[in-house]
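In: Kindly return the folded structure for what I paste below:
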Amino acid sequence: YQLEDQTAHDVPTVNKLLADLAPPAVANAKREAAEQQKIVDQDKSAFQIAACDWDFYSEKVRKAKYNFDESEVRPYYELNHVIVDGVFFAANKEYGLTFKERHDLPVYQPDVRTWEVFDRDGKPLAIFIGDYYARASKRGGAWMNAYVQQSGLFATKPVVANHLNIPKPPQGEPTLLTQDEVRTAFHEFGHALHGMFSNVKYPRFSGTSVPRDFVEYPSQVNEMWATWPEVLGNYAKHHMTAEPMPQALLDKVKAAEKFNQGFKTTEYLSASLLDQAWHQLNPSDVPKDAVAFEAEALHKAAVDFPPVPPRYRSFYFSHAFAGGYSAGYYSYLWSEVLDADTVEWFKQHGGLKRENGDRFRAMLLSRGGSADELGLFKNFVGRDPYIEPLLKRRGLDHAPGADDTKTEAPPTK
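Out: Numbers count the residues shown, from 1 in each chain. Predicted coordinates:
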């Protein structure tokens with residue numbers, strides 16, 4: 001029932017996705033644990049790595065393997081350059097959009113900025129609001145809002161906003177972002193593009209009004225431009241000297257992206273598998289011992305690796321039982337399968353090119369929820385989704401068990 005109106009459509013599809021990813025994820029997590037154990041043994045500490053040790057010893061491994069300090073990149077990521085010379089630059093190259101900041105429009109807070117967005121033909125397309133700084137009255141996290149949705153029926157143009165929570169520096173100092181904040185800026189603008197490019201009749205299907213397991217897909221695709229050489233070279237410049245980010249530092253950033261992915265994927269898969277295990281029960285089969293049921297479910301799925309417990313256990317899994325993700329926690333990973341496969345398509349077709357952007361816009365971004373979303377994906381790439389790009393992105397493609405996964409993602413309706 002819960003999956004019927006999602007792009008995955010049914011239980012077997014979700015089960016197969018999770019089952020295919022489990023072997024390489026757990027194998028990588030065990031390899032990561034072995035690397036930490038070496039450090040423990042070198043310290044002559046007589047204990048085996050446990051879940052409570054992971055953060056401490058994984059940080060030791062990260063420093064030893066990559067010699068990467070987050071503070072090294074921040075001088076190259078000044079907020080205005082990231083937005084104007086990065087996010088907007090990529091949108092111009094890929095879709096032909098131009099941006100004019102409007103200081104005459106009212107804003108609800110002095111730090112909020114507003115741009116009028118013009119389409120490739122020079123005609124007004126949308127209003128974009130950038131609310132980037134944290135403040136006491138603002139909830140945490142990052143999100144996109146559509147304050148006015150595009151609608152052919154009502155002849156409305158979209159007004160969309162990106163809300164981030166970047167700490168505001170003291171007066172006169174530059175706003176320097178972390179690597180994650182840069183990625184988030186590109187991610188949220190992907191949602192904004194989904195809203196701005198909407199070309200549907202009814203607001204019910206406008207922009208991001210799509211199934212939960214599809215909504216993150218376009219925004220994740222837009223993250224690729226954050227480290228695309230042409231885009232990065234345009235915005236990643238030292239805020240004092242204007243020198244571009246050294247290639248050696250960029251290489252460190254990219255190498256570190258795959259670090260600890262065995263752990264991250266396994267803990268997520270474990271929680272997703274528990275979500276499915278509970279929601280696939282018949283009423284007559286509901287267990288009296290939740291702890292035993294959870295242990296059996298994890299063992300059956302071959303993800304019961306004690307140093308990497310589920311991200312959420314059953315007793316505090318609000319996503320699955322109270323947060324709107326009933327039988328739907330898999331959706332983050334499902335979206336990433338589609339995203340990674342689409343990024344691979346872009347790379348194979350020349351990357352940052354107008355014809356690629358025009359195709360993605362026409363065949364997917366403009367359609368909102370007006371058509372079967374998985375069908376839109378298949379029409380764009382010309383086939384069912386492949387799972388290998390996701391394995392490669394997460395560094396799981398060379399893990400034991402990765403060769404056992406099928407080339408195509410689970411069959412779909």
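
In: Grab the most central residue of this protein for me.
Out: The C-alpha lying nearest the average C-alpha coordinate of the chain belongs to residue 220 (C-alpha atoms, centre = their mean; 4.5 Å).

In: so who does the spatially closest residue to that one that is not a sequence neighbour touch?
Out: Spatially, and ignoring its direct neighbours in sequence, residue 220 is nearest to residue 339 (3.7 Å; C-beta to C-beta, 6 or more residues apart in numbering). To be clear about C-beta, it is placed using only N, CA and C from the backbone, and glycine gets the same treatment. Shown in contact with residue 339 (C-beta atoms under 8 Å, 6 or more residues apart in numbering): 216, 217, 220, 221, 223.

In: just residue 47 next, same as before
Out: Residue 47 neighbours (C-beta under 8 Å, 6+ apart): 40, 53.

In: Please report the distance of it from residue 37.
Out: Distance, residue 47 to residue 37, by C-beta to C-beta, to the nearest Å: 9 Å.

In: What residue spans form the domains of this protein?
Out: Per the record, the chain has its domains at 1-72+257-413, 74-244, by automatic domain parsing.

In: now for the lowest-mean-pLDDT helix or strand in the chain, which elements pack on it?
Out: Lowest mean confidence among the helices and strands of the chain (mean pLDDT, DSSP states H and E): helix 318-321, at a mean of 83. Judged by 3 or more C-beta pairs under 8 Å, 6 or more residues apart in numbering; DSSP states H and E, the packing partners of helix 318-321 are helix 261-279.

In: Can I get the helix it packs on in CSV? Just the C-alpha atoms.
Out: Output in CSV follows, covering the C-alpha atoms of helix 261-279 (Å, rounded to 0.1, in the frame of the first residue of the first chain):
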residue,chain,number,x,y,z
GLN,A,261,31.3,4.5,2.9
GLY,A,262,31.2,0.9,4.0
PHE,A,263,30.1,2.1,7.5
LYS,A,264,27.7,4.7,6.1
THR,A,265,26.0,2.4,3.6
THR,A,266,25.7,-0.5,6.0
GLU,A,267,24.2,1.5,8.9
TYR,A,268,21.7,3.0,6.4
LEU,A,269,20.9,-0.4,4.8
SER,A,270,20.4,-2.0,8.2
ALA,A,271,17.8,0.6,9.2
SER,A,272,16.1,0.4,5.8
LEU,A,273,15.9,-3.4,6.1
LEU,A,274,14.4,-3.1,9.6
ASP,A,275,11.8,-0.7,8.2
GLN,A,276,10.8,-3.2,5.6
ALA,A,277,10.9,-6.1,8.0
TRP,A,278,8.4,-4.5,10.3
HIS,A,279,6.1,-3.2,7.6
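
In: For it, give the mean pLDDT please.
Out: Averaged across helix 261-279, pLDDT comes to 95.

In: now swap in stretch 376-392 and tell me
Out: Taken as a whole, stretch 376-392 carries a mean pLDDT of 94.

In: repeat for stretch 322-329
Out: Mean pLDDT, stretch 322-329: 83.

In: now swap in stretch 182-191 and tell me
Out: Across stretch 182-191, pLDDT averages out at 98.

In: who's in contact with it?
Out: By C-beta under 8 Å, 6+ apart, the residues outside stretch 182-191 that reach it are 77, 82-83, 86-87, 90-91, 132, 142-144, 160, 162-164, 177, 208, 215, 218-223, 225-226.
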